[in-house]
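>>> requesting a structural model of the entry that follows:
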Amino acid sequence: MSGDCRRKARPVEFGLFSSLGRVLASLALVLMIAASAPARAGGPDGQITWAVHISLAPTWFDPAETPGIITPFMVLYALHDALVKPMPGQPLAPSLAESWSASEDALTYEFVLRKGVKFHNGDDVTAADVKFSFERYRGTSHQLLKDRVAAVETPDPWHVRFRLKQPWPDFLSFYGTATGAGWIVPKAYVERVGEEGYKKAPVGAGPYRFVSFTPGVELTLEAFDQYWRKTPNVKRLVLRVIPDEATRLAALKRGEVDIIYAIRGELAEELQRTKGLTLNPVVIQGTYWLYFADQWDPKSPWHDARVRRAASLAIDRETINQALALGYSRLTGSIIPDSFDYYWAPPAPTYDPAKAKQLLADAGYPKGFDAGDYYCDSVYANLAEAVINNLQEIGIRARLRPFERAAFFKTYAERGYKNLIQGQSGAFGNAATRLEAFVAKGGAYVYGNYPDIDALFAEQASELDRKRREATLHKIQQLVHERTIYTHLWQQAFLNGTGPRVKESGLGLIAGYPYSAPYEDMTLAKP
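Numbering: from 1, shown residues only. This is a model prediction of the structure:
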């Protein structure tokens, strides 16, 4: 396994007169371009403003805090950079590392860093920063990473070597995509300002530097013209918090913002009809589900698999999809996105309320039951309302309890909920990374476990034969489906809107990613 973005040297041409002629021609061309170039050729120019659908949390400014969701990457792709990361056309692209290699026994991974790369404060990005960033990482899957990595070695400032305790073919999937462990922060700066100081004034190596943050209002970023990949086209980025969908759309119509995230239903249709505005639907790697947090409690109705299957049969996914996502979302029936490696395609989910009522009666609940609270991310409360209405139709009564995203996932990870949880994740990775976070024992969002599934998960983790590993991961997904550990809702189509000032929005450039990126590739339309 290797990645290398170094260009091969071109052959040298000889001949004094031909060389001189080429030099003079090139100089003339440069002078012509300079004379005709617009003012912005001197550097980044202009501003793009987003209306974001969630309240931004300072923990998302620090890669060390990254949970098993995609939202923080909205900020990470601007402020920070990783050794390797998903990029357009590349699920794992060389970034701060110009190349990497893995030993045949999958016990050693080596990275060669780019020389001359700077953090926003002028410090060089070195191997010491990579080691420091890994060791301070405490986000999703941090324990798994620490348990499997024996040592991080830095033989010189430009080389990093990870030595593993046992073969782990998924090291790069966890380190480079599914977590924030591979996103690098400046060791000296963090040690100087402290953990809380870093969240207030984060310094990274990304295309944009931190300017200001007003909680609940907006985050402002400015182009870092020394970014190694390219100088950004746009001078200033503003992420403005507008939780209400109708207000986001109104701001786009008035030209107060240039891009809006998460527009649905009738408002999405209105956006489509509005001259000068564009609807940008992107089917992402974000799956949504209903989690039965009490299924391991023998006293809970959810302990009976028939009750869980009844809930699944009660949900009219196709109607919900048409009403909220204009039919763009995919009904895959799995918490694993269909684009992930090792995905197992389950039978298509069905809507059969009559069979659902019969299953409830067979389980001893002919009149249904009070299911208590239904917890969800407030951004998707409308999806939760539709599911609650469907459950009500077969006698399962639940009360909606929405929370802002950061608070919702914090309590979710702390196992602070009971009854029903509407979970979601758009994190990068593969089937194993998603199962680790949401199914296997010890996962960030796992409330209970099944020993046979845990044994299979441990078995596949060190398996170097791809076919055998795939068969094991398929078996795990099949068991998750058969036991209805989750009731799957959809693989989301993220509907966004752009205004006339934006030429390249960055939406959809990175496969499966919901937000604008890479930020340095974004452009404004000419006036």
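>>> where does the prediction get shaky in the stretch 401-527 of the chain?
In the predicted model, the stretch 401-527 of the chain carries no residue with pLDDT under 70.
>>> can you pull out the helices in it?
Under the criterion DSSP state H, counting those that start in this stretch, helices of the stretch 401-527 of the chain are mapped to 405-413, 431-438, 451-461, 466-482.
>>> can you tell me which of the ones you listed is most buried?
The highest mean neighbour count among the helices of the stretch 401-527 of the chain, using mean count of other CB atoms under 10 Å, belongs to helix 431-438: a mean of 25. Yep, even glycine has a C-beta here, placed from its N, CA and C like the rest.
>>> follow-up on the earlier one: same list (the helices of the stretch 401-527 of the chain) but as TSV, adding distance to T140.
Rendered in TSV, the data for the helices of the stretch 401-527 of the chain read as follows (distance: least, CB to CB, whole Å):
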stretch	distance to T140
helix 405-413	8
helix 431-438	6
helix 451-461	16
helix 466-482	19
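>>> of all these, which lies closest to G333?
Each of the helices of the stretch 401-527 of the chain was checked against G333 via CB to CB, and the shortest separation belongs to helix 466-482, namely 7.2 Å.
>>> from the chain's centroid, how far away is the closest one?
Between the centre of helix 466-482 and the centre of its chain there are 23 Å (CA atoms, centre = their mean, to the nearest Å).
>>> now it - C-alpha only, CSV.
Listed next in CSV are the C-alpha coordinates belonging to helix 466-482 (Å, rounded to 0.1, in the frame of the first residue of the first chain):
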residue,chain,number,x,y,z
ARG,A,466,-9.5,-9.6,2.1
LYS,A,467,-12.1,-12.2,1.1
ARG,A,468,-12.1,-13.9,4.5
ARG,A,469,-12.3,-10.5,6.2
GLU,A,470,-15.2,-9.4,3.9
ALA,A,471,-17.1,-12.6,4.7
THR,A,472,-16.8,-11.9,8.5
LEU,A,473,-17.9,-8.3,8.2
HIS,A,474,-20.8,-9.4,6.0
LYS,A,475,-21.8,-11.9,8.7
ILE,A,476,-21.7,-9.2,11.4
GLN,A,477,-24.0,-6.9,9.3
GLN,A,478,-26.3,-9.8,8.7
LEU,A,479,-26.6,-10.4,12.4
VAL,A,480,-27.3,-6.7,13.1
HIS,A,481,-30.1,-6.9,10.6
GLU,A,482,-31.6,-10.2,11.8
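>>> got the angle between it and helix 431-438?
Helix 466-482 and helix 431-438 meet at an angle of 40 degrees, taking axes from the mean of the first three to the mean of the last three CA atoms, to 10 degrees as the criterion.
>>> list the contacts of helix 466-482.
169, 333-336, 342-344, 346-347, 431-432, 435, 439, 450, 452-453, 456-457, 459-460, 463, 486 (CB atoms under 8 Å, 6 or more residues apart in numbering).
>>> got the angle for it vs helix 451-461?
Relative orientation of helix 466-482 and helix 451-461, computed by the same axes, to 10 degrees: 160 degrees.
>>> if we can go back for a sec, nearest to Y189, out of the helices of the stretch 401-527 of the chain?
Distances from Y189 to each of the helices of the stretch 401-527 of the chain were compared using CB to CB; the shortest belongs to helix 405-413, at 24.2 Å.
>>> which residues does that closest one contact?
Helix 405-413 is contacted from outside by 54-55, 57, 59-60, 67, 69, 71, 375-379, 402-403, 417, 421, 423, 444-445, using CB under 8 Å, 6+ apart.
>>> among those, which ones are buried?
Of all the contacts of helix 405-413 considered here, the ones buried according to neighbour count by 16 or more other CB atoms under 10 Å are 54-55, 57, 60, 67, 69, 71, 375-379, 402-403, 417, 421, 423, 444-445.
>>> residues near the nearest residue to G506 once chain neighbours are set aside, how many?
Counting by CB to CB, 6 or more residues apart in numbering, S516 is the residue found nearest to G506 once chain neighbours are left out, at 3.5 Å. The criterion is other CB atoms under 10 Å. On that basis, S516 has 29 neighbouring residues.
>>> and the next helix or strand past the least confident helix or strand in the chain by mean pLDDT?
The weakest-scoring helix or strand in the chain, judged by mean pLDDT, DSSP states H and E, is helix 16-36 (a mean of 33). Helices and strands here follow DSSP states H and E; after helix 16-36, the next one along the chain is strand 47-52.
>>> just checking, what packs against the helix or strand just after that following strand?
Helices and strands here follow DSSP H and E; after strand 47-52, the next one along the chain is helix 73-79. With contacts taken as 3 or more CB pairs under 8 Å, 6 or more residues apart in numbering; DSSP states H and E, helix 73-79 sits against strand 208-214, strand 218-223, strand 236-241.
>>> shouldn't G443 be in contact with A437?
Yes - counting by CB atoms under 8 Å, a contact exists between G443 and A437, whose distance comes to 4.9 Å.
>>> what about Q358, which SS state?
Assigned with DSSP: H, G, I helix; E, B strand; the rest coil, Q358 falls in the helix class.
>>> could you give the number of residues near it?
A count of neighbours around Q358, defined by other CB under 10 Å, yields 16.
>>> which ones are touching it?
Taking CB under 8 Å, 6+ apart as the test, Q358 contacts no residue whatsoever.
>>> do the one 10 residues further on as well
With contacts defined as CB under 8 Å, 6+ apart, G368 is in contact with 360, 394-397.
>>> same check, this time on P353
For P353, the contacting residues are 313-314, 390, 393-394, taking CB under 8 Å, 6+ apart as the criterion.
>>> what is the nearest of those to M87?
Ranking these by separation from M87, with CB to CB as the measure, puts N390 on top at 39.4 Å.
>>> could you list the low-pLDDT ranges of the stretch 1-150 of the chain?
Using pLDDT under 70, the stretch 1-150 of the chain drops low at 1-42.
>>> hang on, the earlier thing: ok, the residue nearest to G506 to L237 distance?
Counting by CB to CB, to the nearest Å, the gap from S516 to L237 is 9 Å.
>>> find the residues that touch each one of those two.
Among the neighbours of S516, those also in contact with L237 (CB under 8 Å, 6+ apart) are W50.
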